[in-house]
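**Q** Show me how the following folds:
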Amino acid sequence: MLAAVAVFFSLIRCGGWNQRVFTRQFQCSGRWKIACPFVMLRSCFEERGCAGNEFQPGPVTANPRGRNREEWSQAVKDPVQKPSPWLVAGLHRLVGDLQKAAAADEFSLTGHVCGSTSLLSFPADGVSYMGCPVQSLVQSRRFEDVAWLLLHGQLPGAEQMADWESHVSESASALHESIGEVFSLLPVGARPLDLLQLSMSLLSFFDPAPNDLCVDSSVVRVCRILGQLPELLNYAINGVRAKDSIAVLTELGELSWSGRLLRILRGGTSVPTPEEDAAMNALMICQCLTEMRPACFGARSTAAATRNVITALQSATTVFVGQTINDPWQWTSELLCSFVTPDQAEAWYRSREPQGMPFGFAAHVPDARVRLLRESAGTLLGSVDRLRIAAAAARLEKILATGNQLPTLDWAAVRLMTLLDIPADRQALAVGVARVVGWSAHAIEQQKSGISLLPALRYGQEE
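**A** Got it, this is the predicted structure:
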């Protein structure tokens, strides 16, 4: 630590310090140590025009804090003068950053295996849910079937699916009228995504059997949520009460659960076509289950601690909403809609180089679900606007592919949702609703395992 302090003062003597130099770390004896002072000083000398220990002063210039180099040097050389507050604050920050880096390396849980799952697997030929290839699920099943698969471990038969749909419909019609009145009290600027977190909390108050925490009851709760959540969102977004919505849905019996959700997200007036209904099912199936992400971990850890699937969903939705405070889906969708031609999209990207694309691309093995969503998007090109959006997206994908940057599942989802005319600020909400099923399945699987996910802390010792 003393070496780091010495480096700090040495750099100040040179007339300033380069933050980039301080971030350099060097490996020694298999463990990460603090930055090597000799290398850091040499870097500073090279950048400031110094040779060895001889400093060649240049013209006195003001530094970003309004102090020139002579003031910086005098603050260090004068042993009588009290250290300036900005100097002490900088030293504290340096020491704190070094301590944080060491603690993060020693105690981070990133990458630690905390269990196993049969829900999601990545065989050589694609992606599978409970051993069923996602490609076959997208081509021959609906989102309701996949929800049953993840919660029960097998695909449903015709009779089982009929009972499931009946239960979902009954749950929607049984939604308490007063529950939706809360939405009228929300501020005007509330994000649509925030409705997901609020809706999950509201539904927890109307659980008919809150003390029954067995696995079967958890599955029933998820079924009830799938029936009531779209109705709550319809009331919050479109001002349509559940009893009025049920009467309309009876006239739209051919639509799937996903198609009805699409209609709600688009304002409740535009009835999806069969192609749009199928594309929405593909979106929900591909987005419902992800690898271990913070929201997924929140669901599993909460389920391990409480054995309550609704509490686990509250935890997962809170993390998901909190992580998307700067909504990347909305930003990307609005960006795609702003391009008039593919050339304009390319010019926009070239102007950013070398920053790259901030969302939706990564250097990794392609996810088979990206191709499935791309194929679904190809069935929706029935208007000039959709052709324009698809062409701009394709141009960006082609450019980024030259740098080994491949589209992620989230990018493919944004492109498809934009072609489905889902408003940009509601696209993250659609993704969150899809993942409610996946989070539920993760929570129930964790509940069955009986494995605790509670880590330990190293507490301070009394001197």
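**Q** alpha carbons only for contacts and neighbour counts from here, please
**A** Fine.
**Q** Tell me which other helices or strands the helix or strand where T418 lies touches.
**A** According to DSSP states H and E, T418 maps onto helix 409-419. In terms of contacts (3 or more Cα pairs under 8 Å, 6 or more residues apart in numbering; DSSP states H and E), helix 409-419 is packed against helix 274-287, helix 328-338, helix 368-377, helix 384-401.
**Q** After the last one, which helix or strand is next?
**A** What that stands for is helix 384-401. In N-to-C order, the element after helix 384-401 by DSSP H and E is strand 406-407.
**Q** any idea what sits nearest L137, other than its immediate chain neighbours?
**A** V146 (7.3 Å; Cα to Cα, 6 or more residues apart in numbering).
**Q** E291 is in contact with S121, isn't it?
**A** No - in this structure, E291 is not within contact of S121 by Cα atoms under 8 Å, at 9.1 Å.
**Q** First-to-last residue distance for stretch 205-218?
**A** Start-to-end span of stretch 205-218 (Cα to Cα, to the nearest Å) is 15 Å.
**Q** quick one on the thing from earlier: quick one, which of E291 and S121 is more surrounded?
**A** S121 (16 against 11; other Cα atoms under 10 Å).
**Q** quick one: pLDDT of the residue nearest to the more buried one when sequence neighbours are not counted?
**A** Excluding the flanking residues, the one nearest S121 by Cα to Cα, 6+ apart is S128, at 5.3 Å. pLDDT, the model's per-residue confidence, is 96 for S128.
**Q** ok, now L373?
**A** In this prediction, L373 carries a pLDDT score of 97.
**Q** Who are the contact partners of the residue nearest to it when sequence neighbours are not counted?
**A** Of all residues not flanking L373 in the chain, A412 sits nearest, at 6.1 Å (Cα to Cα, 6+ apart). Residues near A412 by Cα atoms under 8 Å, 6 or more residues apart in numbering: 360, 370, 373-374.
**Q** Could I get the buried residue list for the very next helix or strand once past the helix holding T418?
**A** Note on helix 409-419: by DSSP H and E, the next helix or strand toward the C-terminus is helix 427-449. Residues 427-447 are the ones in helix 427-449 that count as buried (16 or more other Cα atoms under 10 Å).
**Q** repeat for stretch 97-116
**A** Quick answer for stretch 97-116 (16+ other Cα under 10 Å): L98.
**Q** Number the residues from 48 up from this point.
**A** With 48 as the first residue, the last one maps to stretch 144-163.
**Q** Now do that stretch: distance to the chain's middle.
**A** Offset of stretch 144-163 from its chain centre (Cα atoms, centre = their mean, to the nearest Å): 20 Å.
**Q** and what of stretch 477-493?
**A** 14 Å.
**Q** Just the CA atoms of that stretch, as CSV, please.
**A** What follows is stretch 477-493, C-alpha atoms only, in CSV (Å, rounded to 0.1, in the frame of the first residue of the first chain):
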residue,chain,number,x,y,z
ALA,A,477,-43.3,-8.1,-23.3
VAL,A,478,-39.9,-9.7,-22.6
GLY,A,479,-40.6,-9.5,-18.8
VAL,A,480,-44.0,-11.2,-19.2
ALA,A,481,-42.4,-14.0,-21.2
ARG,A,482,-39.8,-14.5,-18.5
VAL,A,483,-42.3,-14.8,-15.8
VAL,A,484,-42.8,-18.4,-16.9
GLY,A,485,-39.1,-19.1,-16.9
TRP,A,486,-38.5,-17.5,-13.5
SER,A,487,-41.4,-19.5,-12.1
ALA,A,488,-39.9,-22.7,-13.5
HIS,A,489,-36.5,-21.8,-12.0
ALA,A,490,-38.0,-21.0,-8.7
ILE,A,491,-40.0,-24.3,-8.6
GLU,A,492,-36.9,-26.3,-9.6
GLN,A,493,-34.9,-24.7,-6.9
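**Q** Using JSON lines, please lay out the helices and strands packed on helix 456-466 together with distance to G403.
**A** Formatted as JSON lines, those follow (distance: least, Cα to Cα, whole Å):
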{"stretch": "helix 321-334", "distance to G403": "25"}
{"stretch": "helix 375-385", "distance to G403": "14"}
{"stretch": "helix 415-424", "distance to G403": "20"}
{"stretch": "helix 431-448", "distance to G403": "8"}
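**Q** Pick the most deeply packed of these.
**A** Most buried of the helices and strands packed on helix 456-466 by mean neighbour count (mean count of other Cα atoms under 10 Å) is helix 321-334; its value is a mean of 24.
**Q** List of residues touching that one?
**A** Here helix 321-334 makes contact (Cα under 8 Å, 6+ apart) with 181, 184-185, 189-190, 193, 302-303, 305-306, 309, 416, 419-420, 423-424, 426-427, 456, 460, 463, 467, 478, 481-482.
**Q** which residues of the stretch 298-447 of the chain score low on pLDDT?
**A** For the stretch 298-447 of the chain, residues meeting the criterion pLDDT under 70 lie at 298-299.
**Q** Tell me which residues touch the nearest residue to R442 once chain neighbours are set aside, please.
**A** Excluding its sequence neighbours, the residue lying closest to R442 (Cα to Cα, 6+ apart) is P389, at 5.9 Å. Counting by Cα under 8 Å, 6+ apart, P389 makes contact with 435, 438-440, 442.
**Q** can you rerun that using 7 Å?
**A** 438-439, 442 (Cα atoms under 7 Å, 6 or more residues apart in numbering).
**Q** can you redo these as JSON lines with distance to N328?
**A** Listed next are these as JSON lines, based on distance: Cα to Cα, whole Å:
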{"residue": "A438", "distance to N328": "23"}
{"residue": "A439", "distance to N328": "24"}
{"residue": "R442", "distance to N328": "26"}
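**Q** coming back round to it: report the mean confidence score over the helix holding T465.
**A** 97.
**Q** For stretch 133-150, give the mean pLDDT please.
**A** Rounded mean pLDDT across stretch 133-150 is 77.
**Q** how close does I272 get to S251?
**A** In terms of Cα to Cα, I272 sits 10 Å off from S251.
**Q** And these two? Which one has more around it.
**A** I272 (23 against 16).
**Q** Look at the more buried one and give its secondary structure.
**A** Of the three states, I272 takes helix under DSSP: H, G, I helix; E, B strand; the rest coil.
**Q** Got the phi and psi for L167?
**A** phi -130, psi 130 (degrees, to the nearest 10).
**Q** That one contacts S175, doesn't it?
**A** Yes - at 5.9 Å, L167 counts as touching S175 under the criterion of Cα atoms under 7 Å.
**Q** can you give me the strands for this protein?
**A** 74-75, 78-79, 167-168, 175-176, 179-180, 408-409, 453-454 (DSSP state E).
**Q** So which of those is the most surrounded?
**A** Buried most deeply of the strands of the chain, by mean count of other Cα under 10 Å, is strand 453-454, with a mean of 22.
**Q** And stretch 142-160, how far out from the chain middle?
**A** Distance, centroid of stretch 142-160 to centroid of chain: 22 Å (Cα atoms, centre = their mean).
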